[in-house]
Structure formats: structure tokens, C-alpha cells
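1. curious how this folds, go ahead:
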Amino acid sequence: MADPVVFAAEATPSSTAGITEQRPARWALMAVAFIFLGVFLLLPLMLVFMEAFKKGVGYYVSTLGERDTLSAIRLTLLVAAISVPLNVVFGVAMAWAIAKYEFKGKAFLTTLVDLPFSVSPVISGLVYVLLFGAQSLLGPWLKANGIEILFAVPGIVLATIFVTFPFVARELIPLMEAQGTRDEEAAISLGASGWQTFWYVTLPNVKWGLLYGVLLCNARAMGEFGAVSVVSGHIRGQTNTMPLHVEILYNDYNATGAFAVASLLAGLALVTLALKSLLEMRYGAEIAATRGH
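-> Numbers count the residues shown, from 1 in each chain. Now for the predicted structure:
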């Protein structure tokens, strides 16, 4: 009787060759992919920029220079500057705990990491309203001590942290699990401290995964709408981020202004994508080696 492993190994090249020789199917799949990308991604993106410059460059610049628009831009950048570093710390700690240690409740903790992916951002915003609203248990105490969370920057930051938390952790967990603990154990056996082990051993091994997670986290933080909409209060010039400001301009029948701000958000997303592509082009071999460590 033929060895099934040998038979599979001998059958693999011919099977692969049969698949690659089917040019019509290959061209059809490529056509479907490009049509989908063109209709659902590239075309809307082109329309955003076309509408943004519909009334000329001068109107575009003046819209971005308005007081409320500048305030929305500053708030968006501030929220991202606070939430992304915090999520880096939380994400690295969570990934380290899940990937490097065995403990009871590990599966449950891993499930909790994915919670923001499975819960609507609007629901997460409502949770903060229930926690810190005027009718909550903490509401009277917060008001008595002059602490503002809802309809202020702290609430927006908390909502953004919740919806962007999984990006760093989810990028690092499989990477750390694949790399194992041998390098850390070797460093500790040579007398390295916990901090030295993390800084000189673990971090260099996961730096590209961490950077990917940071880019994705930052893009989501600047573009988040649902959770922020619930906790912000929509106060013009104070608690409106760029996505919320786009909605307000559109509801005020200022479609060109709304598309102008939207184009800035789209431009930030394109910059994020460009940075990711440049990293892959420049350090592709090193990234592949790290992931296959």
C-alpha cells in the first residue's frame, strides 16, 4: 500500500500546476477583485476629493481654516495622541500576559480582547453614559466635585480607547505566541532583569507587529464616529471631532465643506496606508524574518 504522505507529496506539484494553468478562472477572479475595489473603494474616494474641491481651492482652504473646523482637527489629534499611547501600553501588557503565561481564565481574557469588535460602538458609548451620566451612581459625585467626563474630552478619550483597544493586542498576540519564550528564558538565565529582557529581547522581536498595530489604532482613533457621537454632546468648537464635524456640516447643507473635512480624514488614512506600504517595501525581508521567527 502506498504511503499517503508520499502520495500527497507527489500529487501536490501536478495539482498546483493544474490550478495555475486555468487562466480564464484566474483572470475572472482578478477582474472581480479589481471591479470590487474600484466600485466600493477607489470611486467613493475619488468622489470625496472631487466634491471637496468643487468650489475651488480657495473655498477648500477657507473651510479648513474655520474656527470650528480647526477646533475639530485639534481635538481629533489630541484624542489620538492620548488614546494611541495608552493602547500601546495596554496592548503590549495584554499580549505579553496571554502569549507568555498560562493561567486560569486565559481563554476568557482573550475573548474580552475581541469585545470591542463584536459590540457596536454606539453601545459602548451608551455604557459610558450609564457609568458617568447625571442619573448614574457616579453622576452626583462627579458633579459635586466638578469632574466632567461626559460631553468633554475625557469621555471622548475613554470611548476612543475602548473601540481601538484590540488593534495593538490582536497584532501582537499571535506574533508573541509564534515566537515562544525561549529568547526570554535565555536572557533571564544570563542574568537579565525583566525590563532588560523586554527592552532588548522581546521588543525587537515584535517591533514591526507593534508598529502595524499602532498605525491601525491611530487610523481608527481619528475616524471613530459612533461611540464618540454618544459621549461628545456635539458641542461646536469644543467636543466635535472631525467625523462629527463632517456630519454637522452636511446637516447644515454645506456638502462641499463636509467633503472638504472628509477629504482631510481620507488623506490621513492614505498617509497611514502609505507608511505601512513603505515599511513593507523598505524592511520587507526583516518583517518576514521576524514573523517567521
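2. give me the neighbour count for Ala169.
-> Taking other CB atoms under 10 Å as the criterion, the count of residues near Ala169 is 25. For glycine as for every other residue, the C-beta is placed from the backbone atoms N, C-alpha and C.
3. ok, Asn205 next?
-> Asn205 has 18 nearby residues by other CB under 10 Å.
4. not counting residues beside it along the chain, what's closest to it?
-> Gln179 (5.6 Å; CB to CB, 6 or more residues apart in numbering).
5. ok, the one you found touching Leu203?
-> No - with contact defined as CB atoms under 8 Å, Gln179 does not reach Leu203; the gap is 11.8 Å.
6. mean confidence score for the host helix or strand of Tyr128?
-> Using DSSP states H and E, the element containing Tyr128 is helix 121-132. Average pLDDT, helix 121-132: 89.
7. likewise stretch 193-209?
-> For stretch 193-209, the mean confidence score works out to 83.
8. give me the distance from it to the chain's centre.
-> 22 Å (CA atoms, centre = their mean, to the nearest Å).
9. what about it, start to end distance?
-> Stretch 193-209 has an end-to-end distance of 24 Å (CA to CA, to the nearest Å).
10. and the strands in the stretch 151-293 of the chain?
-> For the stretch 151-293 of the chain, strands defined by DSSP state E, counting those that start in this stretch do not occur.
11. where does it dip in pLDDT?
-> 283-293 (pLDDT under 70).
12. just to revisit the earlier point, of Gln179 and Leu203, who's got more company?
-> Neighbour totals were compared for Gln179 and Leu203, and Gln179 leads with 21 against 12 (other CB under 10 Å).
13. how near is that one to Ile173?
-> 11 Å (CB to CB, to the nearest Å).
14. in the protein, where's the longest helix?
-> In terms of residue count, the longest helix belonging to the chain (DSSP state H) is helix 255-291.
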